[in-house]
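Peer 1: for reference, the sequence and a predicted model appear below.
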Amino acid sequence: MKAVVIVASNRAAAGVYEDTGGPLLVKGLQELGCEDVTKVVVPDGEPVKEALQNALKQKPDVIVTTGGTGINPTDRTPDMTKQVLDYEVPGIAEAIRRRGKTPLAALSRATAGVKDKTLIVNLPGSTGGIKDGLTVLADLLKHAVDQLKGGDH
């Protein structure tokens, strides 16, 4: 599987601090069978939409974002993602919120869905949220990608 990781972080994109969530997500996706994983770090908001559109040109099987999913006014990743999707797959984001080990998981506005034949999933920016999201993806990623390629049920 081919994957793209998009890290939405104003501070990491500006070099204020080092991105730690992106490498964790890249490693986790590799462990789930993604052999070709690229990563980009962008500020939240419109740059996320641009990064999604650029990533889709690579025709990846999955794009996973991290960051920008909360209720802070600068958290815009779900809004940008929805503008790109052909359709949503709400059960994925719901499963990730349920998996959350903190009550704060309920504040996530993350979404998931499909554009063309690419699965797009938003994860929180916290390392715990990334780990929870990877646990959910471990159960469904291969099947979802197979389905998007026309596989049988």
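Peer 2: Ah, there it is.

Peer 1: okay, CA-based contacts and neighbour counts for the rest of this
Peer 2: Noted.

Peer 1: list the contacts of the strand or helix carrying Thr81.
Peer 2: Under the criterion of DSSP states H and E, Thr81 resides in helix 77-84. Contacts with helix 77-84, where a contact means C-alpha atoms under 8 Å, 6 or more residues apart in numbering, come from 8, 44-46, 48-49, 52-53, 65, 67-69, 88, 109-111, 115, 120, 122.

Peer 1: what subset of these is buried?
Peer 2: Buried subset of these (neighbour count, 16 or more other C-alpha atoms under 10 Å): 8, 44-45, 48-49, 52, 65, 67-69, 88, 109-111, 115, 120, 122.

Peer 1: now the lengthiest helix in the chain: buried residues?
Peer 2: Counting by DSSP state H, the longest helix found in the chain is helix 127-148. Using 16+ other C-alpha under 10 Å as the test for burial, helix 127-148 gives 127, 129-138, 141, 144-146, 148.

Peer 1: what's around Ser9, how many residues?
Peer 2: Applying other C-alpha atoms under 10 Å, we find 24 residues neighbouring Ser9.

Peer 1: what does Ala93 give?
Peer 2: 22.

Peer 1: for the chain, which segments count as helices?
Peer 2: Counting by DSSP H, the helices of the chain are 10-13, 21-31, 46-56, 77-84, 90-99, 127-148.

Peer 1: list the helices and strands the longest one packs on?
Peer 2: Looking back up the chat, that one is helix 127-148. If you count contacts as 3 or more C-alpha pairs under 8 Å, 6 or more residues apart in numbering; DSSP states H and E, helix 127-148 packs onto helix 21-31, helix 90-99, strand 118-123.

Peer 1: just the C-alphas of the shortest one, formatted as CSV.
Peer 2: What follows is the C-alpha trace of strand 118-123 in CSV, where atoms were taken according to Å, rounded to 0.1, in the frame of the first residue of the first chain:
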residue,chain,number,x,y,z
THR,A,118,-8.1,6.9,-1.8
LEU,A,119,-9.1,6.5,1.8
ILE,A,120,-8.6,9.7,3.8
VAL,A,121,-8.5,9.6,7.6
ASN,A,122,-8.0,12.4,10.1
LEU,A,123,-6.3,11.6,13.4
